[in-house]
Every structure is written in C-alpha cells, then in structure tokens.
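>>> Predicted model follows, preceded by the sequence.
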Amino acid sequence: MRIVASGDYLHTIGTDTPDAIGFDVFGPLADLVDLALLPASPQTEAVAASDLIGSDVLLMLGQYLAEASIAPAAGRLTVVARAGVGVDKMDIAALTRHGVLLFNVPDALTEGTAAGALALMLAASRHLVAQDRLTREGRWDDRQHHRGREIYGKTLGVIGPGRIGGELIRLVAPFRMRVLAYSPRLTPERAAGIGAEAVPLDRLLAESHFVTICAPLTEETRGMLGAREFGLMRRDAVLVNVGRGPIVDQEALTAALRDRRIAGAGIDVFETQPVPAGEPLTLLDNVVLTPHAVCDTYELRRDVLAVIARELRGFAEGRLPATAVNPEVLETAAFKAKRKALLARISARPR
C-alpha cells in the first residue's frame with residue numbers, strides 16, 4: 001500500500017526529524033506500506049496531482065485538496081486520511097465522485113485543542129502577552145493598565161459543545177465556572193450530561209464572561225458572530241476561537257476589540273491563513289494570537305499518526321475506518337473496485 005504524506009509536513013518540520021513527530025509509528029508496518037513524504041509545500045497550496053498519481057493513500061495535514069488534484073490520481077487513489085478534524089479545505093464531493101474514502105481523527109485532537117482553548121482563556125484574561133512585553137521593555141509601572149481578570153466563578157459560554165467543547169467543560173470544573181452551551185440541535189438533557197445549560201445563542205453571548213468557539217465550519221456556522229453579536233456581549237467578555245476563522249466576522253471582531261466593546265480575545269484561527277502582513281487584528285494589545293497551532297504538541301502529533309497507522313493497518317487487513325467522513329462512497333463501484341485491487345496486491349506481496 002503506497003502512502004504519500006502531504007508536503008506541509010516537511011514544510012513545518014523545522015529542526016525535527018519525521019520520526020521525532022511520530023512517523024516512526026509506521027515502522028512496524030514496513031511489510032504492509034511504502035510511505036513517502038512529499039516535497040515541502042506550504043499549507044496555502046493544494047496537493048499537486050502529480051504527487052498523487054500511483055498512490056493508494058494520501059495522508060493529509062493541512063493543505064488544500066481540489067478536484068483538479070483528485071481526478072488524475074483517482075484510478076488508484078483509494079483513501080485520504082486527514083491528520084486532524086477539519087475537512088473544509090477538501091473537495092469532499094469530488095472525493096466521493098471519484099470513489100475515494102476520506103476519514104479523519106477527531107478524538108486524537110480533543111484534549112490538545114481543549115487545553116489550548118483553556119490556555120487562550122487564561123492568557124487573554126491575564127493579558128500575558130502585553131505583560132510579557134512590558135517586562136522585556138522595563139515598563140513595570142505600566143502594568144496597572146494591563147490588570148487581569150479571574151476566571152474563577154465566572155460564566156463560560158461554549159459554542160459547539162461536541163468533543164472539544166465537552167472536554168473544555170470538564171477542564172474548567174475546578175474553576176467553579178457556570179457553563180452555558182449552544183448548538184442548533186443541543187438538547188437540555190445532553191447539555192446537562194456534560195455539565196452545561198443549553199441556551200439560545202443570544203443569551204449565551206449576553207451572559208458569558210468567556211465565549212469559546214469550538215464548532216466546525218458549516219453553512220450554519222459561517223459568519224455566526226458579527227457586529228450584532230459582539231454588541232450583545234459583556235464589555236468585560238473574552239472571546240476565544242479554536243473552531244474555524246470564518247465563523248467570526250474578523251473585521252467586526254477587530255472593531256469590537258479596538259473600541260473596547262469587549263475586553264479581549266484569544267484567536268487561533270482566522271478568515272485568511274496565514275494572516276496577511278498588516279492585518280489590523282495583529283496591531284491590538286488586547287488579543288492573543290496563535291497560528292492555528294494552539295493544540296500542536298509533540299504528543300498530539302504522535303497520537304494522530306498512531307491512530308492513522310492503526311486505521312490503515314486495519315484497512316490493509318480488510319477493515320474500514322471508524323470515522324469515515326463520506327461513508328456513502330463505500331457503496332460506489334469505483335471504491336469497491338480499487339479496494340479489491342489493493343487488498344489483492346497486499347495479499348500477493350512477498351512474505
């Protein structure tokens with residue numbers, strides 16, 4: 001089974017080695033797989049069609065995957081494994097049309113992203129970035145202008161109380177926070193089961209000291225928070241976004257922070273990534289910004305690749321991934337034919 005890993009792995013690897021970030025988990029599968037890392041490429045670019053031709057599996061980190069890249073390789077390409085949760089940068093309809101199964105690893109990122117959200121809550125509420133700058137510049141007397149606020153006993157509003165939102169609720173339990181939660185289909189019973197109260201979005205915004213976005217990007221969530229919504233929030237509120245950038249109107253957020261309509265923000269995801277030079281949001285002192293990496297740890301990288309390696313071993317042995325994003329592809333003739341051919345090649349390999 002020939003696997004290629006998207007070029008953003010090498011682009012972001014820095015001084016590490018592939019083994020250091022978890023690719024050594026494929027070592028025990030050497031009798032089943034042939035793994036190659038594609039040439040370094042930034043996440044702003046799409047995986048090239050020429051890099052996919054002749055491969056059975058694409059292991060995706062965070063680049064784009066478009067129809068133009070999928071179609072030329074579709075005669076053999078059978079599986080795309082997304083090393084993360086979000087699939088908004090992929091043409092899922094094209095994958096399905098061409099008989100390519102897509103699966104992701106949502107559980108592996110849950111703890112890291114929830115912990116990252118909590119870190120942003122604390123960093124933004126304590127003005128840690130501004131205080132770091134004051135310390136480095138010797139401006140200790142200016143610290144009075146960057147006095148922090150507690151999170152103990154405050155109200156947390158979670159937009160998207162799924163895996164990550166639910167884990168965040170568990171993490172804040174020692175802080176004795178009252179938790180409100182919103183999702184279009186959230187029931188009072190399910191909310192109570194994770195320690196929250198299900199409320200309408202407007203009420204969540206009006207009552208929460210911390211509003212944390214953990215939702216995926218969908219047509220329902222795109223543009224969910226704009227000028228109207230920021231107008232509903234408390235003046236001492238902090239917004240944290242670890243979901244997706246386009247859920248928030250970034251221009252409206254910048255205005256709300258600049259005018260002190262809300263107190264602060266911790267933002268890991270943006271409308272445009274990487275953030276363009278001179279982006280007004282980067283000029284503010286009441287926002288903590290991270291480059292879509294607040295969950296990125298050595299442990300998480302290894303855990304994600306371990307899950308993918310386990311799922312691909314299972315696929316080579318005739319099982320299907322547990323977290324298919326487009327399960328309808330499983331019944332298509334194209335997928336069935338490619339899977340049958342792949343399993344036959346694996347069975348015929350020298351022992």
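Happy to help now that I have it. Numbering: from 1, shown residues only.

>>> pLDDT weak spots in the stretch 201-350 of the chain?
Scanning the stretch 201-350 of the chain for pLDDT under 70 picks out nothing.

>>> what are the ranges of the helices in it?
Ranges of helices within the stretch 201-350 of the chain are 201-207, 227-232, 250-258, 298-316, 333-347, based on DSSP state H, counting those that start in this stretch.

>>> Identify the residues contacting the nearest residue to residue 123 once chain neighbours are set aside.
Excluding the flanking residues, the one nearest residue 123 by Cβ to Cβ, 6 or more residues apart in numbering is residue 288, at 4.7 Å. Just so you know, the C-beta spots here come from the backbone N, C-alpha and C atoms, and that holds for glycine as well. Residue 288 sits next to 120, 123-124, 128-129, 264-267 when contact means Cβ atoms under 8 Å, 6 or more residues apart in numbering.

>>> about what we covered before: present the helices of the stretch 201-350 of the chain as JSON lines; the columns should include mean neighbour count and distance to residue 36.
Shown next, in JSON lines, are these (neighbours: other Cβ atoms under 10 Å; distance: least, Cβ to Cβ, whole Å):
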{"stretch": "helix 201-207", "mean neighbour count": "18", "distance to residue 36": "46"}
{"stretch": "helix 227-232", "mean neighbour count": "16", "distance to residue 36": "46"}
{"stretch": "helix 250-258", "mean neighbour count": "19", "distance to residue 36": "37"}
{"stretch": "helix 298-316", "mean neighbour count": "20", "distance to residue 36": "14"}
{"stretch": "helix 333-347", "mean neighbour count": "15", "distance to residue 36": "17"}
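
>>> Please name whichever of those helices is nearest to residue 141.
helix 250-258 (24.4 Å; Cβ to Cβ).

>>> And the closest one, how far out from the chain middle?
Chain-centre distance of helix 250-258: 23 Å, with Cα atoms, centre = their mean, to the nearest Å.

>>> do stretch 35-54 as well
20 Å.

>>> Return the set of buried residues in that stretch.
By 16 or more other Cβ atoms under 10 Å, the buried positions in stretch 35-54 come out as 35, 37-38, 41, 43, 46-49, 51-52.

>>> picking that back up, report the beta-bridge partners for the residue nearest to residue 123.
residue 266 (DSSP bridges).

>>> wait, which of the helices of the stretch 201-350 of the chain is closest to residue 134?
Here helix 250-258 is closest among the helices of the stretch 201-350 of the chain (Cβ to Cβ), at 18.9 Å.

>>> can you list contacts of the closest one?
Counting by Cβ under 8 Å, 6+ apart, 225-227, 230, 233, 239, 261-262, 264-265, 267, 270-271, 280-281, 284, 286-287 sit against helix 250-258.

>>> Isn't residue 306 up against residue 22?
Yes - Residue 306 is within contact range of residue 22, at 6.9 Å (criterion: Cβ atoms under 8 Å).

>>> List of residues touching stretch 168-188?
114-115, 117-118, 151-162, 165, 191, 194-201, 203-204, 207-208, 210, 212, 214-215, 220.
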